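Enquirer: got a sequence here, can you model it:
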Amino acid sequence: MNTITIKSNLQKMIDEQDDISVLKAIYTLLQKTSLNQVLKTKLANRAKKAEEDIVANRFLSKEEIIQRTNMIGK
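Expert: Have a look, this model is predicted:
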């Protein structure tokens, strides 16, 4: 089964579905899947930037991290 066939079959099944709980479940499943992709993209971008920062020696020393962490609670 290819993507086009699956989408077509799903569309037919959804169009014929009258049970709101089933439709909500499908909606939730698809919504969560798209959110996961957004999250993956954001995390991948952050990781790439972190790697670039490390290569360029843009990072905090242990002392700077401790100092910043201590300032958060104040």
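Enquirer: CA atoms for contacts and neighbours, from now on please.
Expert: OK.
Enquirer: could you count how many residues lie near residue 4?
Expert: Counted with other Cα atoms under 10 Å, residues neighbouring residue 4 total 9.
Enquirer: mind checking the SS state of it?
Expert: helix (DSSP: H, G, I helix; E, B strand; the rest coil).
Enquirer: quick one: contacts for it?
Expert: Residues near residue 4 by Cα atoms under 8 Å, 6 or more residues apart in numbering: none.
Enquirer: following the one helix or strand residue 11 maps to, which helix or strand comes up?
Expert: In this assignment (DSSP states H and E), residue 11 forms part of helix 3-16. Using DSSP H and E, the next helix or strand after helix 3-16 towards the C-terminus is helix 20-55.
Enquirer: and the angle from that following helix to helix 3-16?
Expert: Orientation of helix 20-55 against helix 3-16 (axes from the mean of the first three to the mean of the last three Cα atoms, to 10 degrees) gives an angle of 140 degrees.
Enquirer: list the buried ones in helix 20-55?
Expert: By neighbour count on 16 or more other Cα atoms under 10 Å, the buried set for helix 20-55 is empty.
Enquirer: from the chain's centre, how far out is that helix? Work that out for me.
Expert: In terms of Cα atoms, centre = their mean, to the nearest Å, the centre of helix 20-55 is set 1 Å apart from its chain centre.
Enquirer: and what of stretch 50-58?
Expert: The answer for stretch 50-58 is 23 Å, by Cα atoms, centre = their mean.
Enquirer: and the most centrally placed residue in the chain, how far from residue 49?
Expert: Compute the mean C-alpha point of the chain, and by Cα atoms, centre = their mean the closest residue is residue 39, 1.7 Å away. Residue 39 sits 15 Å away from residue 49, going by Cα to Cα, to the nearest Å.
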